[in-house]
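Peer 1: This is the structure alone, sequence omitted:
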């Protein structure tokens, strides 16, 4: 009925109306996403430097790719990224699920509690980076005070220490993003009807069996989706770490994206950083696709 | 299998009295049906016996054990829920095996396998064992749910309207099967329904519930032929019993009798009879016909053989089997004469 009126009014087919509505978005995407992507792929094969406009652009082939893949520094960055990725996801998955299970019990004040737990997520990561640098402050910071209150380590510095600094960014990221994983898990938990637990209870299943056979299978797709989001986000993590440690001390917290930013906008090696960006893009895209395939298979099962 | 005994059970939810002062016994090997409308406290009664709710007052005994305050697992009862409640991520086989894997049982793998296949055979779902529980039809799902109760050897089977979401044909089929299984196993079974046909076809004894109270508890034939109130009389029988004010019929009854009840099969169309009414509607059910007629402003239904030719708006004469008339007083209670 409605489409008939439309057709008469505008004298357009459904298909052209669909185009009319999506075209602005498509144009916008082409200009801010697709075009720069293709352009940066092109630049990755040249010696272009963004701070020298007049320079003649020369084709250098796969020079930058070879250089990056052979560079020990880059591999160190990748290892830092891997360490950051693995531990943030691992800790956030466990903490997020536990918190969700805890908050899913309808105790008094669980709604207020949920709101409080979710608060860190509302803050800008850059702001969080700045104020955690105060929290980590060796003399006056609350973090050191609390740790020393329980176990006396004396004076120590989280962000200044070669061993502790990689963990300092893991802690802050966990602080911000555990609520996100928790919310996803909570959605999964809420989808489980009570009568399943009642049936299991009558079937004389233990609490552990109920967790393994009812809770976990229902939450798993949600948890895995949360892990996917966190993985992609943290692979390109920049703002919080840049504010908190700036990649230091040395380069022990220099994530791939920080390395990229330094190469692109401090050293102005545009060709080199374009090549690195392409490598990162392919990596995250490939890993993401494989993961999504796996996730869909799990859902089918 | 054990006897289950309820003594003066009461349960409130906030302000609502769900069950009040309920007492009855399900004997060993007996099929008891609780019959009542929505909100009569049927499901609550089952949940109280299963231990999913705790009674505010009264005592529940399973076998020789007082279980009033026991956890569900300690009671060892099987529950078939209205919503199937299969474990969604598992196959039919896994669902059936689940109760056998309880830490309170410790069955060996071979035992579990044997039991699961045996029960699948009883319920005719052998070829569905590897299907995922969510990829089944409603009837199959309910078979699995019943099967999950059957694999165990519980003190009592509790079933909460297990057939209500199935279509009529399937319901009839499963009803018969369920009764056969119960008889073969000698199972003690408490079944809840609002369907009077399910109640009369399967039950050894029926308990009629109204607003959390047990109105009558007796065999199906006693409930049908000798109900203790108009409420119970209305529960069984289709078409429903005719209830008319006593003064309309010229019968000799005590002062207390205010209403007269007669089953439609006891109303006889007879050309030589004295009572006269006008035919309002005729329903042909094939095997019989239901004639609704207007008798002094009251509707009386009679079941007759379909070959008798009657027409709507015809005047018709009828008679009543006086032996089978039921009398009720002002408070709708039965008056024995």
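Peer 2: Received, thanks. Bear in mind that the values here come from a model prediction, so they are computed numbers and not experimental data.

Peer 1: Could you tell me the end-to-end distance of stretch B:41-58?
Peer 2: End-to-end distance of stretch B:41-58 (C-alpha to C-alpha, to the nearest Å): 15 Å.

Peer 1: does chain A sit close to that stretch?
Peer 2: Yes - judged by C-beta under 8 Å from any C-beta of the partner chain, stretch B:41-58 comes into contact with chain A through B:50-52. Where you see a C-beta, it was placed from the backbone N, CA and C, and this is true even at glycine.

Peer 1: Beyond the host helix or strand of residue A:219, next helix or strand please.
Peer 2: Assigned by DSSP states H and E, residue A:219 belongs to helix A:216-235. Using DSSP H and E, the next helix or strand after helix A:216-235 towards the C-terminus is helix A:239-244.

Peer 1: what's the distance between the helix or strand just after that following helix and the middle of its chain?
Peer 2: With elements assigned by DSSP H and E, the helix or strand that comes after helix A:239-244 is helix A:256-265. Relative to the centre of its chain, helix A:256-265 is centred 17 Å away, using C-alpha atoms, centre = their mean, to the nearest Å.

Peer 1: what comes up buried for helix A:256-265?
Peer 2: A:256-264 (16 or more other C-beta atoms under 10 Å in any protein chain shown).

Peer 1: what do you get for stretch B:275-293?
Peer 2: For stretch B:275-293, by 16+ other C-beta under 10 Å, it's B:275, B:277, B:279, B:282, B:288-293.

Peer 1: again with stretch B:305-315
Peer 2: Using 16+ other C-beta under 10 Å as the burial criterion, none of the residues of stretch B:305-315 qualify.

Peer 1: same thing with stretch B:64-80?
Peer 2: Buried residues in stretch B:64-80 (16+ other C-beta under 10 Å): B:67-68, B:72-73, B:75-80.

Peer 1: Turn those residues into TSV, including secondary structure, distance to chain A and pLDDT.
Peer 2: Converted to TSV, these look like this (DSSP: H, G, I helix; E, B strand; the rest coil; distance: C-beta to the nearest C-beta, whole Å; pLDDT from 0 to 100):
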residue	secondary structure	distance to chain A	pLDDT
B:67	coil	13	90
B:68	coil	17	90
B:72	helix	5	89
B:73	helix	4	87
B:75	helix	8	89
B:76	coil	7	89
B:77	coil	6	92
B:78	strand	7	92
B:79	strand	4	92
B:80	strand	9	92
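
Peer 1: re earlier: tell me which of the buried residues of stretch B:275-293 is nearest to residue A:186?
Peer 2: Nearest to residue A:186 among the buried residues of stretch B:275-293: residue B:290, at 55.8 Å, using C-beta to C-beta.

Peer 1: That closest one and chain A: what is the separation?
Peer 2: 40 Å (C-beta to the nearest C-beta, to the nearest Å).

Peer 1: Confirm that residue sits in a strand?
Peer 2: Yes - assessed by DSSP: H, G, I helix; E, B strand; the rest coil, residue B:290 belongs to a strand.

Peer 1: Where does the residue nearest to it when sequence neighbours are not counted sit: helix, strand or coil?
Peer 2: Closest residue in space to residue B:290, ignoring its immediate chain neighbours: residue B:283 at 4.3 Å, by C-beta to C-beta, 6 or more residues apart in numbering or on different chains. On the three-state scheme (three-state DSSP), residue B:283 is labelled strand.
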